[in-house]
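In: I would like the atomic coordinates for the input below:
(chains A, B, C and D)
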There are 2 protein chains.
Amino acid sequence: MNLERALERTLGRPREFDIEKALDEAMEIFWRHGYEGATIAQLTGAMGINPPSLYAAFGSKEGLLKAALDRYTAKRNECMREILAAPTAREVVERGLLKLADMQTDPANPPGCLLVAGGLACGVGSENIPFELAAHRAQSEALLRERFIRAREEGDLAEDSDPAALARYVSAVIAGIGVLASAGATREELREVAMVAVKAFDE
Amino acid sequence: MNLERALERTLGRPREFDIEKALDEAMEIFWRHGYEGATIAQLTGAMGINPPSLYAAFGSKEGLLKAALDRYTAKRNECMREILAAPTAREVVERGLLKLADMQTDPANPPGCLLVAGGLACGVGSENIPFELAAHRAQSEALLRERFIRAREEGDLAEDSDPAALARYVSAVIAGIGVLASAGATREELREVAMVAVKAFDE
DNA sequence: CCACTTATGTAGCAATCGCTACAGATGTAG
DNA sequence: CTACATCTGTAGCGATTGCTACATAAGTGG
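Out: Coordinates of the predicted model:
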């Protein structure tokens, strides 16, 4: 029983479903119905498996959500790193928010943002779900904050500007756009919001 | 059985609990746990009544939420009308967002906003709850839009400005602040967000 | 071949969900 | 008083919840 074989998970009956495809399906259910609104029956149905397979792979409903959130923010952060490469803070925000408006109204996904629609307030026994979502949202904010710190060092942002406050502001606009999108706002409406929001970086 | 007496609800055993006090308690439960996270047992416990009294007065869990939302937005709109009296659009937004930062971190209430934390995505059978919340959020946006239209007529806002887009932007910032607040942001952090957000009205 | 380990499907667990039947209590109308 | 209408508390309904016991299948190691 050496390390090599343990990592290959070669023992026992092999798993018959693609764990990442199943995660994508689960993500969509949580996205559309929220953590508490999503039932195990819905999740297993969409994932094409039975409850024991779900619990063997993810431990619990909450474990499944965490895995889905990790996958969601991995994709999201990858997309953000491209945008953070823009030359100025203003351009980062403009490109980012416009891209966000497009993504949140992509008919391939449920409208809005999983990190917002997933559940801002939950029942007893699920108290840490909102914190879990917040921790994942904080990743984007941290990336923005570091980018704005760099922008200030480069003279792109004023000396007296507050990168943390600016990042928190963009984070709030991102969340707000997610709320509007989940309520059915159109792509054009969200793009208009983005163009107003970016004006806070003009003056 | 004339109209007068019918309105006084003078027939039958009189209700023994204060319906508005009970609504305030229910509001707090929905606020803290969301629609789906709030259970009838919690609600009746907080309201100090038993299930039959709840269902006689409000019809269903959803009916109770609607009544709580009406009460919530009534208070909110009353507060907004004061703020809309400010002389300029910029001042309306600044005062409004700063006031919001204070309210959403008031320890007397759960953090955040009922219209956001109540449930952006719900399970099957509760599909209209998110729409219900959105309809109440839209009230604030409509008030802002009309105020901004007036501001443009008065020359306060530029001729080429878009009152609808501006109102939608402020609505997004309001929702975003609600998300940050529900995740535990401090009053000072939200005030900083507000001061950045209002800069979109400066240029 | 035989152990051993892990995944799968069926079937169903205890607990909780939103909600209500029922009987008794408490008021007004006559 | 009686008749009627509404509210209240107890007690519990059927349905659904997240989750799991169990037997079997499917792979590797020897």
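In: name the element the residue nearest the centre of chain A belongs to?
Out: Relative to the mean C-alpha position of chain A, the nearest C-alpha, by CA atoms, centre = their mean, is the one of A:T73, at 4.3 Å. According to DSSP states H and E, A:T73 maps onto helix A:61-84.
In: excluding chain neighbours, what is closest to the residue nearest to the centre of chain A?
Out: Taking CB to CB, 6 or more residues apart in numbering or on different chains, and ignoring the residues beside it in sequence, A:T73 has A:H136 as its nearest neighbour in space, at 4.8 Å. (Glycine included, C-beta is placed from N, CA and C.)
In: any idea which helix or strand in chain A has the lowest mean pLDDT?
Out: The element with the least model confidence among the helices and strands of chain A, by mean pLDDT, DSSP states H and E, is helix A:3-8, at a mean of 48.
In: helix or strand next in line after that helix, which one?
Out: Beyond helix A:3-8 in the direction of the C-terminus, DSSP H and E gives the next helix or strand as helix A:19-37.
In: spell out which parts of chain A neighbour DNA strand C.
Out: Chain A comes close to DNA strand C at residues A:9, A:11-17, A:49-53, A:56-57, A:123, as judged by CB under 7 Å from any atom of the strand.
In: near DNA strand D, from the residues you listed?
Out: Of those, the ones that also sit near DNA strand D (CB under 7 Å from any atom of the strand) are A:L11, A:G12, A:R13, A:P14, A:N50, A:P51, A:P52.
In: isn't A:V92 up against A:L84?
Out: Yes - counting by CB atoms under 8 Å, A:V92 sits close enough to A:L84 to count as a contact (5.9 Å).
In: just want the residue of chain A that's nearest DNA strand C.
Out: Nearest to DNA strand C in chain A, going by CB to the nearest atom of the strand, is A:G12, at a distance of 1.8 Å.
In: which phi and psi does that residue have?
Out: phi 80, psi 180 (degrees, to the nearest 10).
In: how much space between it and chain B?
Out: To chain B, A:G12 is 35 Å away according to CB to the nearest CB, to the nearest Å.
In: number of residues surrounding that residue?
Out: Taking other CB atoms under 10 Å in any protein chain shown as the neighbour definition, A:G12 ends up with a count of 6.
In: next one: A:G119
Out: A total of 29 residues lie near A:G119 under the criterion other CB under 10 Å.
In: name the nearest residue to it, sequence neighbours excluded.
Out: Using CB to CB, 6+ apart, the nearest residue to A:G119 is A:Y35, at 4.2 Å.
In: and for the one you found, the neighbour number?
Out: A:Y35 is surrounded by 28 other residues when neighbours are defined as other CB under 10 Å.
In: and it, what is it in contact with?
Out: A:K61, A:L65, A:G118, A:G119, A:C122, A:S126, A:I129 (CB atoms under 8 Å, 6 or more residues apart in numbering or on different chains).
In: tell me which entries of the residues you listed lie within helices.
Out: A:K61, A:L65, A:I129 (DSSP state H).
In: so where's chain A uncertain?
Out: Where chain A drops to pLDDT under 70, the residues are A:1-9.
In: hmm, 80 instead?
Out: Residue ranges of chain A with pLDDT under 80: A:1-9, A:203.
In: rewinding a little: relative to chain B, how far out is the residue nearest to the centre of chain A?
Out: Distance check for A:T73 against chain B: by CB to the nearest CB, it reads 15 Å.
In: cool, A:R187 as well?
Out: A:R187 is 13 Å from chain B, by CB to the nearest CB.
In: check A:A117 too.
Out: In this view, A:A117 and chain B are 4 Å apart by CB to the nearest CB.
In: now swap in A:G184 and tell me
Out: In this structure, A:G184 and chain B are separated by 7 Å, where distance is defined by CB to the nearest CB.
In: what about that residue, neighbour count?
Out: 13.
In: who's in contact with it?
Out: The contact partners of A:G184, taken as CB under 8 Å, 6+ apart, are A:P111, B:A134.
In: that one in helix, strand or coil?
Out: Local secondary structure at A:G184 is given as coil here, using DSSP: H, G, I helix; E, B strand; the rest coil.
In: phi, psi for it please.
Out: Dihedral angles of A:G184 (phi, psi; degrees, to the nearest 10) stand at phi 100, psi 20.
In: give me every residue in chain A lying close to DNA strand D.
Out: On the criterion CB under 7 Å from any atom of the strand, DNA strand D has as its neighbours in chain A the residues A:5, A:10-14, A:38-41, A:50-52, A:55, A:60-62.
In: of the residues of chain A next to DNA strand C, buried ones?
Out: Restricting those to buried positions leaves A:I49, A:S53, A:A57, A:G123, with burial counted as 16 or more other CB atoms under 10 Å in any protein chain shown.
In: the ones next to DNA strand D among the residues of chain A next to DNA strand C: which two are farthest apart?
Out: A:L11 and A:P51 (23.0 Å; CB to CB).
In: show the contacting residues for A:S126.
Out: A:S126 makes contact with A:Y35, A:E36, A:E62, A:G119, B:G37, according to CB under 8 Å, 6+ apart.
In: roughly how far apart are the fourth one and A:A158?
Out: Looking back up the chat, that one is A:G119. 38 Å (CB to CB, to the nearest Å).
In: same question, the second one
Out: In this structure, A:E36 and A:A158 are 44 Å apart, going by CB to CB.
In: who has more neighbours out of these two?
Out: The residue with the greater number of neighbours, taking A:E36 and A:A158 and applying other CB under 10 Å, is A:E36; the counts read 26 against 10.
In: is that one in contact with B:A38, as I believe?
Out: No - the pair A:E36 and B:A38 does not pass the contact test of CB under 8 Å, sitting 10.1 Å apart.
In: give me the common contacts of the two.
Out: Shared contacts of A:E36 and B:A38, defined by CB under 8 Å, 6+ apart, are found at A:G123.
In: what is the burial count for A:T10?
Out: Residue crowding around A:T10 was assessed by other CB under 10 Å; the count is 9.
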